[in-house]
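[1] Return a 3D structure for these sequence lines:
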Amino acid sequence: MPVSQPSHQHPQGTCLPRGRRTRCTAALLALLTLVGYVVFVDWTGSHGLDCFVEANGTRLGLQQPQAANATTIGAVASARDLPERALTIALATAMQESKLHNIKGGDRDSLGLFQQRPSQGWGTARQILDPVYSAGEFFDELVKIPGYSRLPLTAAAQQVQHSGFPQAYAKHEADASLLAAALYGREPSLSCRVPAGGSPGDPAAVRQRLAREFGAQVLERQDSADATSVDLQGAAAPAALPTDTRGATVTVPGDAVGDPTDEDPTQHGWALAQWAVAHAPELRIAEVAYRGRIWRARESGSGWVKDSVRAGHSYGDVRITVEH
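    Coordinates of the predicted model:
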């Protein structure tokens, strides 16, 4: 019988020379890359989610552009003194229609956060792609519906949207309710992880955006006698919103004063404060402080933490400090 030749086996767990060794190395690098990604995701938030809202043991994650768009919708609702239910309906609708992204296309000529169509009289394409305008148009139609706040969310949204899939809005109601409760201050918890440092911010840009998105309500809360109205379609912001002596902090009164109809005098302030957090990357915002709590870009992973009220500022002031 022929003598069997010894097989050319290598010790278990080692790679063969040349080509197989290269493939083994590549596989090891891929594994290390995957492990590194998992660690990064765990540190920064899952799947690129930069912003979070938490309440009653529930956590909702958002990408920063989604959070920015959500807070802009909240700003428009706050400017119009609309109830939290109106904001919930709007957020659920935008979650279904665009996932809170200001998209430039969709079914036929649909555009923007609410997938509104120029051909159906919602405005020009340029107008619809402006989140302030599109949110305003949505609320204009919503408030025309008798008793909209008592209707099921799907019924209220459908009367505005005329969607082919009206029941789809229902699956977003829980998340929209959680987000609306945060933005309106009932469960203020919106926090975003953002990179600190880099180019300095511009307080004038913050004032302009505040005036444009929150409208006359921001100006009416100023004590300055020379406050003037602002064109909500983008006119320059007035100089009435004060800054501190360094010129890096914009201070806006957040608490409602002397209005017995306000169920929560902090609602407007929390809408302002969390709007500033969500828009921190593009406006280069370093700190936001309100009612003894502060969010810092350099420590944004910690969310909102306790803060002492600084000299010269009211407990009800919202202080927005830009990078400088």
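[2] Let me see the contact set for Arg284.
    198-202, 322-323 (CB atoms under 8 Å, 6 or more residues apart in numbering). Placement of C-beta: from N, CA and C, glycine included.
[3] One more: Gln115?
    Counting by CB under 8 Å, 6+ apart, Gln115 has contacts 97-98, 103, 106-107, 161.
[4] let's see it at 6 Å
    When contacts are counted by CB atoms under 6 Å, 6 or more residues apart in numbering, Gln115 touches 97, 106.
[5] Quick check, pLDDT for it.
    pLDDT for Gln115: 96.
[6] and the two most separated of the contacts of Arg284?
    The distance between the two most remote of the contacts of Arg284 (CB to CB) is 13.0 Å, for Gly198 and Asp202.
[7] Neighbour count for those two, which is higher?
    More crowded of Gly198 and Asp202, by other CB atoms under 10 Å: Asp202, with 16 against 10.
[8] how far away is the closest residue to that one other than its chain neighbours from Val143?
    Counting by CB to CB, 6 or more residues apart in numbering, the nearest residue to Asp202 once its immediate chain neighbours are dropped is Val322, at 6.6 Å. Distance, Val322 to Val143, using CB to CB, to the nearest Å: 35 Å.
[9] so who does the closest residue to Ala170 other than its chain neighbours touch?
    Excluding the flanking residues, the one nearest Ala170 by CB to CB, 6+ apart is Thr154, at 5.0 Å. Listed by CB under 6 Å, 6+ apart, the contact partners of Thr154 are 166-167, 169-170.
[10] out of those, which are buried?
    Tyr169 (16 or more other CB atoms under 10 Å).
[11] With respect to Ala68, which of the contacts of Thr154 is nearest?
    Tyr169 (21.8 Å).
[12] Would you mark the buried spots in stretch 285-297?
    Going by neighbour count (16+ other CB under 10 Å), the buried part of stretch 285-297 is 285-291, 294-297.
[13] In terms of distance to Asp130, which of those residues ranks first?
    Using CB to CB, Ile285 is the member of those that lies nearest Asp130, at 21.4 Å.
[14] Could you chop this protein up by domain?
    If you go by automatic domain parsing, the domain ranges for the chain are 52-183, 196-322.
[15] can you list the weak-confidence ranges in the stretch 1-150 of the chain?
    Along the stretch 1-150 of the chain, segments meeting pLDDT under 70 span 1-47.
[16] Show me where it has its helices.
    Under the criterion DSSP state H, counting those that start in this stretch, the stretch 1-150 of the chain contains helices at 18-44, 64-79, 84-98, 125-128, 131-142.
[17] residue ranges with poor pLDDT in the stretch 151-300 of the chain?
    196-197, 216-217, 219-247, 257-263.
[18] let's go with 90 and repeat that
    164, 194-199, 215-247, 253-265, 267 (pLDDT under 90).
[19] what are the ranges of the strands in it?
    191-192, 249-253, 285-290, 293-296 (DSSP state E, counting those that start in this stretch).
[20] Next, find the distance separating Ala273 from Thr124.
    From Ala273 across to Thr124, the span is 33 Å (CB to CB).
[21] hmm, I was thinking of Glu137
    From Glu137 across to Thr124, the span is 12 Å (CB to CB).
[22] Next: Val322.
    Going from Val322 to Thr124 by CB to CB gives 33 Å.
[23] Comparing those two, which residue is more hemmed in?
    Val322 (24 against 11).
[24] Tell me if I'm right that the more buried one and Gly201 touch.
    Yes - counting by CB atoms under 6 Å, Gly201 is a contact partner of Val322 at 2.7 Å.
[25] Just the buried positions in stretch 316-324, please.
    Neighbour-count burial for stretch 316-324 flags 316-323 (criterion: 16+ other CB under 10 Å).
[26] actually stretch 113-127, not the one I wrote
    Buried residues in stretch 113-127, counted by 16+ other CB under 10 Å: 113-117, 122-123, 127.
[27] do stretch 158-174 as well
    The neighbour-count criterion (16+ other CB under 10 Å) identifies 158-161, 163, 168-169, 172-173 as the buried residues of stretch 158-174.
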